[in-house]
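Student: for reference, the sequence and a predicted model appear below.
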Amino acid sequence: MKKVITLIMVCTMVLATVAGLTGCSSGNNDTAAEKAAVCYVLANTANSQGLNLNSPMVQDTVYDTVRNYGYISVVNADGIPDIVFASSFDIDDKYKSASKDKLDMDARSKTTNLITGMQGVIATDPEVDYLEALRLAVRSMASLEGYDSKTIVVIGTGLSTTGVLDFQNNLISAEPATVVELLKEKSEIPDFSGMTVYWQQMGDVAAPQASLTAAQRNKLQQIYGGIVEAGGGTFVYNNIIANPVNADTSYPAVTPVELPADTPISFEPEILDTEDNEYVFIEPVVLTEEQVTFIGDKAEYLHPEEAESVLKPIAEYLIDNDVTILLCGTTAGDTNSAYTMELSQARAETVKQTLVDLGVYPEHIIAVGLGSTDPWHVYGIPTSDKAASCNRKTVLLDASSQTAQEILAGINE
């Protein structure tokens with residue numbers, strides 16, 4: 001099915017060129033215009049809003065590339081991405097002497113035909129793999145020479161559900177720099193040298209996928225921006241409105257990504273006044289392995305004085321605001337055991353004791369060990385990897401928050 005659209009578009013391009021330029025006359029043409037190579041990465045898939053191919057980003061880049069004899073490729077970004085179209089729009093020199101009006105008309109005709117073909121590119125394999133699609137986009141242009149620019153235009157949610165960058169592994173809770181570092185360690189960053197990646201409709205999901213919060217959309221932008229920049233390219237986000245979902249088309253299944261109710265993004269506790277004049281944490285407070293470091297396989301601080309200095313302002317905040325918190329200890333690795341649960345509980349108790357020593361009432365701290373079952377765990381990182389430090393942490397959150405109540409309910413089951 002993927003290859004059928006390729007043949008249709010290639011035949012359309014050939015016919016348009018022959019019919020439009022056989023009767024040519026001399027004219028002044030802009031031969032100094034930029035000759036560009038562009039790859040469009042499309043994700044017409046389940047759980048996604050409709051693709052807006054009428055946006056200026058798409059319409060203008062297609063027309064300019066065709067009109068100036070450039071190169072265009074198209075990647076279908078489903079679960080097994082594939083290059084479904086690739087063609088140079090250069091023409092014989094004898095046709096380039098046609099009048100400007102004829103050349104413009106021919107370029108408009110080719111643009112219409114190509115965009116119509118792009119609208120027909122739909123998923124044929126389950127799930128979505130944007131990182132592999134980007135890799136194919138890079139490969140489609142890597143060997144091209146003589147082009148003034150190379151550009152990738154991505155139209156889709158960015159919420160991959162398979163491959164190396166699988167957001168089902170709770171990557172949306174990880175720090176973007178951690179995700180990029182992990183991909184570097186695995187040598188999974190494509191070479192974007194000299195390329196610009198434009199992205200529209202990032203985060204524009206559809207049911208049954210739950211909607212992303214503004215913070216989660218921003219996380220996606222930071223992750224993909226970090227990937228592109230780590231590969232030597234330039235990343236540009238375009239906030240273009242998506243089209244409505246096409247209810248008449250059925251697509252292969254895409255697994256909804258479970259999004260955390262709260263995303264830990266800040267060390268400093270942000271607070272909000274409620275109607276009862278109480279204070280709650282807007283976001284969980286994450287104490288990273290670097291901030292509170294334990295001796296390997298023990299519940300003892302490596303640097304007790306440094307740990308106390310980190311915890312002191314939190315203790316002062318808790319004393320001043322009379323907040324009851326849930327304090328969660330976590331560990332790296334994706335498999336829980338009695339040992340990891342005990343270790344994470346013991347480390348949580350150590351942090352609690354330090355807060356109590358600093359003046360916090362012990363009844364205002366509920367310490368639990370979650371091992372690797374915490375809501376913010378990033379899956380798929382071996383314990384030996386440097387990036388695994390993101391899973392060795394202590395998380396503090398308001399005990400009355402929805403996330404805290406769900407954690408406590410799970411423990412009590």
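Tutor: Cool, got the structure. All of these numbers come straight from a predicted model, not from anything done at the bench. Numbering: from 1, shown residues only.
Student: show the contacting residues for residue 250.
Tutor: Listed by C-beta atoms under 8 Å, 6 or more residues apart in numbering, residue 250 has no contact partners. Just so you know, the C-beta spots here come from the backbone N, C-alpha and C atoms, and that holds for glycine as well.
Student: no wait, residue 140
Tutor: 39, 73, 75, 83, 86.
Student: which of these fall in strands?
Tutor: With strands taken from DSSP state E, the overlap with the contacts of residue 140 comprises 39, 73, 75, 83, 86.
Student: which non-adjacent residue is nearest residue 167?
Tutor: residue 257 (4.7 Å; C-beta to C-beta, 6 or more residues apart in numbering).
Student: in contact with the one you found, which residues?
Tutor: By C-beta under 8 Å, 6+ apart, residue 257 lies in contact with 159, 161, 167, 168, 172, 209, 210.
Student: out of the residues you listed, who has the most neighbours?
Tutor: Counting neighbours by other C-beta atoms under 10 Å, the top entry in the contacts of residue 257 is residue 159, with 29 neighbours.
Student: surely residue 197 is in a strand?
Tutor: Yes: checked against DSSP: H, G, I helix; E, B strand; the rest coil, residue 197 lies within a strand.
Student: who's it bridged to?
Tutor: For residue 197, the beta-bridge partners are residue 152, residue 235 (DSSP bridges).
Student: from residue 385, how far out is the nearest residue to residue 61 once chain neighbours are set aside?
Tutor: Leaving aside its sequence neighbours, residue 61 sits nearest to residue 38 (C-beta to C-beta, 6+ apart; 5.5 Å). From residue 38 over to residue 385 the distance is 36 Å, taken as C-beta to C-beta, to the nearest Å.
Student: cool, residue 51 as well?
Tutor: In terms of C-beta to C-beta, residue 51 sits 36 Å off from residue 385.
Student: more neighbours: the two, which one.
Tutor: The neighbour comparison of residue 51 against residue 385 (other C-beta under 10 Å) goes to residue 51, with 25 against 16.
Student: that one contacts residue 240, doesn't it?
Tutor: No: look at residue 51 against residue 240 with C-beta atoms under 8 Å: they stay out of range, at 10.3 Å.
Student: hey, what's in contact with both of those two?
Tutor: Here residue 51 and residue 240 share the contacting residues residue 201, scored by C-beta under 8 Å, 6+ apart.
Student: spatially nearest residue to residue 234, not counting backbone neighbours?
Tutor: residue 196 (4.5 Å).
Student: give me every residue that touches the one you found.
Tutor: So residue 196 contacts 149, 150, 151, 152, 233, 234, 235, 236 (C-beta under 8 Å, 6+ apart).
Student: widest-spaced pair of these?
Tutor: 149 and 235 (15.1 Å; C-beta to C-beta).
Student: those two: which is more packed in?
Tutor: Taking other C-beta under 10 Å, residue 149 and residue 235 do not tie; residue 235 has more neighbours (21 against 14).
Student: strands along the protein, start to end?
Tutor: Using DSSP E, strands in the chain cover 36-42, 71-76, 82-88, 149-155, 195-200, 234-238, 271-273, 279-281, 285-287, 325-330, 365-371, 394-398.
Student: which stretch in these is the model least sure about?
Tutor: Set side by side, these differ in mean pLDDT, and strand 271-273 is lowest with a mean of 43.
Student: by neighbours, which of the contacts of residue 140 wins?
Tutor: Highest neighbour count within the contacts of residue 140, by other C-beta under 10 Å: residue 75, with 29 neighbours.
Student: from residue 123, how far off is the residue nearest to the spatial centre of the chain?
Tutor: Nearest to the mean C-alpha position of the chain, by C-alpha atoms, centre = their mean, lies residue 220 at 3.7 Å. Relative to residue 123, residue 220 is positioned 20 Å away (C-beta to C-beta).
Student: so, low pLDDT: which residues of this structure?
Tutor: 1-32, 261-282 (pLDDT under 70).
Student: domain ranges for it?
Tutor: Per the record, the chain has its domains at 2-238, 271-412, by automatic domain parsing.
Student: can you show me the helices along the stretch 51-200 of the chain?
Tutor: 56-67, 100-119, 130-142, 176-185 (DSSP state H, counting those that start in this stretch).
Student: just say which of the ones you listed is most tucked in.
Tutor: Mean neighbour count (mean count of other C-beta atoms under 10 Å) peaks for helix 130-142 among the helices of the stretch 51-200 of the chain, with a mean of 22.
Student: export that helix as PDB, just CAs?
Tutor: The C-alpha coordinates for helix 130-142 follow below in PDB (Å, rounded to 0.1, in the frame of the first residue of the first chain):
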ATOM      1  CA  TYR A 130       9.000   9.600  14.900                       C
ATOM      2  CA  LEU A 131      12.700   9.100  15.700                       C
ATOM      3  CA  GLU A 132      13.000   6.400  13.000                       C
ATOM      4  CA  ALA A 133      11.000   8.600  10.600                       C
ATOM      5  CA  LEU A 134      13.400  11.400  11.200                       C
ATOM      6  CA  ARG A 135      16.300   9.000  10.600                       C
ATOM      7  CA  LEU A 136      14.800   8.100   7.200                       C
ATOM      8  CA  ALA A 137      14.300  11.800   6.400                       C
ATOM      9  CA  VAL A 138      17.900  12.400   7.000                       C
ATOM     10  CA  ARG A 139      19.000   9.400   4.900                       C
ATOM     11  CA  SER A 140      16.700  10.500   2.000                       C
ATOM     12  CA  MET A 141      18.800  13.700   1.700                       C
ATOM     13  CA  ALA A 142      22.200  12.700   3.100                       C
END
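Student: export the helices of the stretch 51-200 of the chain to a markdown table and tack on distance to residue 375?
Tutor: Below are the helices of the stretch 51-200 of the chain laid out as a markdown table (distance: least, C-beta to C-beta, whole Å):
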| stretch | distance to residue 375 |
| --- | --- |
| helix 56-67 | 36 |
| helix 100-119 | 38 |
| helix 130-142 | 24 |
| helix 176-185 | 16 |
